[in-house]
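Colleague: Sequence first, predicted coordinates after that:
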Number of protein chains: 2
Amino acid sequence: MEAPGKMSSENPARIRRLIRRGEINQPTPGLAEEYSQANLVILPEEYAFEFFLFSFRNTKPCPLLDILEAGEVNPPSTPGADIRTDLPSYRIYRRGELHEETDSIKDYWRDDLVSFLLGCSFTFERALKQAGIPIRHQQENKNVPMYITDIDCTPAGEFSGPLVVSMRPMPGRLISRAVRITSAYPDVHGAPVHIGAPKEIGIQNLNEPDFGDRVTVKPEEYPVFWACGVTPQLAIRKNALPLVITHSPGHMFITDIKNEELSRDQPASGQFV
Amino acid sequence: MEAPGKMSSENPARIRRLIRRGEINQPTPGLAEEYSQANLVILPEEYAFEFFLFSFRNTKPCPLLDILEAGEVNPPSTPGADIRTDLPSYRIYRRGELHEETDSIKDYWRDDLVSFLLGCSFTFERALKQAGIPIRHQQENKNVPMYITDIDCTPAGEFSGPLVVSMRPMPGRLISRAVRITSAYPDVHGAPVHIGAPKEIGIQNLNEPDFGDRVTVKPEEYPVFWACGVTPQLAIRKNALPLVITHSPGHMFITDIKNEELSRDQPASGQFV
């Protein structure tokens, strides 16, 4: 396999081709860094409206980037991609239980499956780094630490659950900058939901994340928390649907959407704009 | 009935109560002016996902303000209201044909009906006026002129159709200001989609609007066009669903949402923000 260093500046179509062929099966952070990565949720059409509504009512953890109609496999925002093969790893849930982890969902595909792509905070990490803000989990070559909070999402139909957050530690002098930078990215979780005091949002121990890896928090640093795309996965599992497919944590879908297209500070683009 | 002058500063709950009792049955522009008015679309749950997707793919004409789950009659954003009685006039469509115009839909109500509230450009008219920009249809006591363009919306499932626009004429020196002000209101159609040259978007004659009223365009003025909430009504009628309910043009739902809450320039509010 090629070195990650080179892969960071690759174009997303080439990366997806290597993933499809099984030549890349690693987590995707650091790959095609100029392009947005997305969380994936696939479920039967009969549950699509209520999940859509859950996302609409909880846009901070569930910012919708793109939606594929029932049976569609090519995302409108990334037409050359195939949602069934172009992620390095998928999780199949049946009745809320993990059934299998697999590198292709072609065998599971049905014409009534609807796919949702949700924004991912990896998108703004490059902008944070460029502004001199350390991304600790990248420095330590780990996955970002994620925590289940005691804040409830707004329910929609059968979907409900707690807010999950990702955490990036930084010194006080950089927090304001981090808030301002990420505010400009509302489609990838936007500004932090909480700063400091983990217990205030129900996190008992920063050293024991519920997902991802523990990272170093230096004595002079505060934890900064962003809403996280793992949130809908909890709402889905609780609901025990007959079939749900998601990406495996850290194994995201790499879109053709450039990071800066998701910044509010960029010139408007898209239809009618 | 009370004078519109007084009604403009009334609170929305009182106005809705008068509407519910049949004591107000006029078009709603000018009523409770500080609060946002909304377009209404109600359809059976089986079509809700695809209509939701049509709105998601065409946010300029279809900015979603609020969505009620199947059978729900109290909008989450305006909990004291009843969606079945609190608009002065509704239109019932069966298989794409207008079946009846009525002041209550209680007799049509079913537990599988899903209600969508879409933003309305009336919301930013107050901000435009405060900035010294004339609102011609208000000056002439008319409904805003609306036109069917030759621009296609992005389809979703069975839903497709042309973009409909509203038009406000103004002199060249005010256009930049109008663009900047309305840009700050992305949830109520946002910035204009076209300025000047009506034929370029398929409008043959400004004096013959497809909906609403003709207004005066002075020699020194240019027409400025905004995406319009009538757009989804065309997409719905074309689709010939068994039952669709909408507001009658100009007879909007008055929400408890203050206009300035929909301005991007206001301090953030809402859950997790």
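Modeller: Now that the structure is in, tell me what you want to look at. Residues are numbered from 1 along each chain as shown, chains lettered A, B, ... in the order given.

Colleague: How about the contacts made by the spatially closest residue to A:T123 that is not a sequence neighbour?
Modeller: Nearest residue to A:T123, sequence neighbours excluded (CB to CB, 6 or more residues apart in numbering or on different chains): A:V188, at 4.1 Å. Bear in mind the C-beta positions are built from the backbone N, C-alpha and C, glycine included. Taking CB atoms under 8 Å, 6 or more residues apart in numbering or on different chains, we find A:V188 in contact with A:S36, A:P63, A:G119, A:C120, A:S121, A:T123, A:F124, A:L262.

Colleague: Narrow these to those in helices?
Modeller: The helices, defined by DSSP state H, take in A:T123, A:F124 from those.

Colleague: Of the contacts of A:V188, which is the nearest to B:L18?
Modeller: A:P63 (39.2 Å; CB to CB).

Colleague: That closest one touches A:F116, doesn't it?
Modeller: No: with contact defined as CB atoms under 8 Å, A:P63 does not count as touching A:F116 (10.7 Å).

Colleague: overlap in contacts of these two?
Modeller: A:S55.

Colleague: quick one: average confidence on the host helix or strand of A:A38?
Modeller: Assigned by DSSP states H and E, A:A38 belongs to strand A:35-44. For strand A:35-44, mean pLDDT rounds to 95.

Colleague: which secondary structure elements does that strand contact?
Modeller: In terms of contact count using 3 or more CB pairs under 8 Å, 6 or more residues apart in numbering or on different chains; DSSP states H and E, strand A:35-44 is assigned the packing partners strand A:64-68, strand A:113-119, helix A:122-130, helix A:231-239, strand A:244-247, strand A:253-258.

Colleague: The fourth one vs strand A:113-119, what angle?
Modeller: Helix A:231-239 and strand A:113-119 are oriented at 140 degrees to each other (axes from the mean of the first three to the mean of the last three CA atoms, to 10 degrees).

Colleague: chain center to stretch A:132-140, what's the gap?
Modeller: Centroid displacement of stretch A:132-140 relative to its chain, using CA atoms, centre = their mean, to the nearest Å, is 18 Å.

Colleague: just stretch A:100-114 next, same as before
Modeller: On CA atoms, centre = their mean, the centre of stretch A:100-114 falls 19 Å from that of its chain.

Colleague: what about that stretch, near chain B?
Modeller: Yes: under the criterion of CB under 8 Å from any CB of the partner chain, stretch A:100-114 makes contact with chain B via A:V114.

Colleague: Return the set of buried residues in that stretch.
Modeller: A:S104, A:I105, A:Y108, A:L113, A:V114 (16 or more other CB atoms under 10 Å in any protein chain shown).

Colleague: what's across from A:P223 in the sheet?
Modeller: Taking DSSP bridges as the rule, A:P223 bridges to A:P169.

Colleague: Might one say that it is in contact with A:P209?
Modeller: No: using CB under 8 Å, A:P223 makes no contact with A:P209, being 10.8 Å away.

Colleague: what about A:I67, distance to chain B?
Modeller: Going from A:I67 to chain B by CB to the nearest CB, to the nearest Å gives 6 Å.

Colleague: what sits against the closest residue to chain B within the stretch 101-250 of chain A?
Modeller: Closest approach between the stretch 101-250 of chain A and chain B, counting by CB to the nearest CB: A:V193, at 4.8 Å. Residues in contact with A:V193 (CB under 8 Å, 6+ apart) are A:K60, A:I151, A:L163, A:V165, A:I201, A:F225, A:W226, A:A227, B:F272, B:V273.

Colleague: Drop anything exposed from those residues.
Modeller: Buried among the contacts of A:V193 by 16+ other CB under 10 Å: A:K60, A:I151, A:L163, A:V165, A:I201, A:F225, A:W226, A:A227, B:F272.

Colleague: Narrow those to those in strands?
Modeller: A:I151, A:L163, A:V165, A:F225, A:W226, A:A227 (DSSP state E).

Colleague: need the residues of chain A near chain B, please.
Modeller: So chain A meets chain B at A:45, A:48-50, A:52-53, A:56-58, A:60-61, A:64, A:67, A:69-70, A:76, A:114, A:151, A:154, A:156-157, A:163, A:191, A:193, A:227, A:268, A:271-273 (CB under 8 Å from any CB).

Colleague: Filter the residues you listed down to the buried ones.
Modeller: The neighbour-count test (16+ other CB under 10 Å) applied to these identifies A:45, A:48-50, A:52-53, A:56-58, A:60-61, A:64, A:67, A:69-70, A:114, A:151, A:156, A:163, A:191, A:193, A:227, A:272 as buried.

Colleague: if we can go back for a sec, what's the pLDDT at the residue nearest to A:T123?
Modeller: 87.

Colleague: for it, phi and psi?
Modeller: phi -130, psi 50 (degrees, to the nearest 10).

Colleague: Tell me who's in contact with A:N239.
Modeller: Taking CB under 8 Å, 6+ apart, one finds A:Y47, A:G96, A:E158, A:F159 in contact with A:N239.

Colleague: If we use 6 Å, what do you get?
Modeller: With contact set as CB atoms under 6 Å, 6 or more residues apart in numbering or on different chains, A:N239 has these partners: A:E158, A:F159.

Colleague: now do the one 4 residues further on
Modeller: Contacts were defined as CB under 6 Å, 6+ apart; by that measure A:L243 touches no other residue.

Colleague: let's go with 7 Å and repeat that
Modeller: A:P44, A:R94 (CB atoms under 7 Å, 6 or more residues apart in numbering or on different chains).

Colleague: Strands of the stretch 51-200 of chain A, residue ranges please.
Modeller: A:64-68, A:90-94, A:97-102, A:113-119, A:146-152, A:162-171, A:194-195 (DSSP state E, counting those that start in this stretch).

Colleague: out of these, deepest packed?
Modeller: strand A:113-119 (a mean of 25; mean count of other CB atoms under 10 Å in any protein chain shown).

Colleague: Now do it and strand A:35-44, the angle between them.
Modeller: On the basis of the same axes, to 10 degrees, strand A:113-119 is oriented at 150 degrees to strand A:35-44.

Colleague: related to what we said a few turns ago, can you list the buried residues of stretch A:100-114 in JSON lines and add distance to A:G80 and pLDDT?
Modeller: Shown next, in JSON lines, are those (distance: CB to CB, whole Å; pLDDT from 0 to 100):
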{"residue": "A:S104", "distance to A:G80": "17", "pLDDT": "96"}
{"residue": "A:I105", "distance to A:G80": "18", "pLDDT": "97"}
{"residue": "A:Y108", "distance to A:G80": "22", "pLDDT": "97"}
{"residue": "A:L113", "distance to A:G80": "20", "pLDDT": "98"}
{"residue": "A:V114", "distance to A:G80": "20", "pLDDT": "98"}
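
Colleague: Of the residues you listed, which pair is most distant in space?
Modeller: The largest separation in the buried residues of stretch A:100-114, counting by CB to CB, is between A:S104 and A:V114 at 18.7 Å.
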